[in-house]
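J.: Quick one, what's the 3D model for this:
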Amino acid sequence: MNKVILIGRLARDPEMRSTASGINSTRFTLAVTRNFQNQNGERQADFINCVAWRRQAENIAKYCTKGTQVAVEGRIQTGSYDAQDGTKRYTTDIICDNVTFLSTKNSSNSNNEFAPSSMPEDISDPITTTDLSEDPFKDFGDEIALSDDDLPF
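T.: Here you go, the predicted structure:
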């Protein structure tokens, strides 16, 4: 099984290209913070190369910039090529199956993880909650008697 799930921030602006047949691809580098600190008490990050294709590539190029937080689901793909100096170079990329935007373009460079002012109006309305201290079944009426014949199994 070859499955990768990462959450991080774009280390630079994504680069979109098209193949000769017109299929779009976008390359970006994801900075993923490690869960532990080094001897100086600092957290380090791994910089992981990612590639997205087609419509997903277009959306990343359009809506993401350096600093945007995303979740990536995909697979590891390795490859190699001959460099101009005659040496063989090896590559490791994450091929993105799904990319979820976790921060907006406007909030990616700020400390705010969520910026309601930049969200569409229909989803930034406050969520109403219900007081659960009351009996939720108080208005449902009288008790219903069931027999074994009423059950479908």
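J.: Contacts for stretch 81-92, please.
T.: N49, I76, Q77, T78, G79, S80 (C-beta atoms under 8 Å, 6 or more residues apart in numbering). Quick note: C-beta positions are derived from backbone N, CA and C, even for glycine.
J.: Now for the closest residue to R17 other than its chain neighbours, which secondary structure element holds it?
T.: Distances taken as C-beta to C-beta, 6 or more residues apart in numbering place S25 nearest to R17, at 5.7 Å, with adjacent residues excluded. Assigned by DSSP states H and E, S25 belongs to strand 24-37.
J.: Which SSE is immediately downstream of that strand?
T.: Remark: after strand 24-37, the chain's next helix or strand is strand 43-53, criterion DSSP H and E.
J.: mean confidence for that following strand?
T.: In this model, strand 43-53 has an average pLDDT of 95.
J.: Strand partners (parallel or antiparallel) of that strand?
T.: strand 24-37 (antiparallel), strand 88-101 (parallel) (DSSP bridges).
J.: and stretch 27-42, which residues are buried?
T.: Buried residues in stretch 27-42, counted by 16 or more other C-beta atoms under 10 Å: R27, F28, T29, L30, A31.
J.: Perfect, that will be all.
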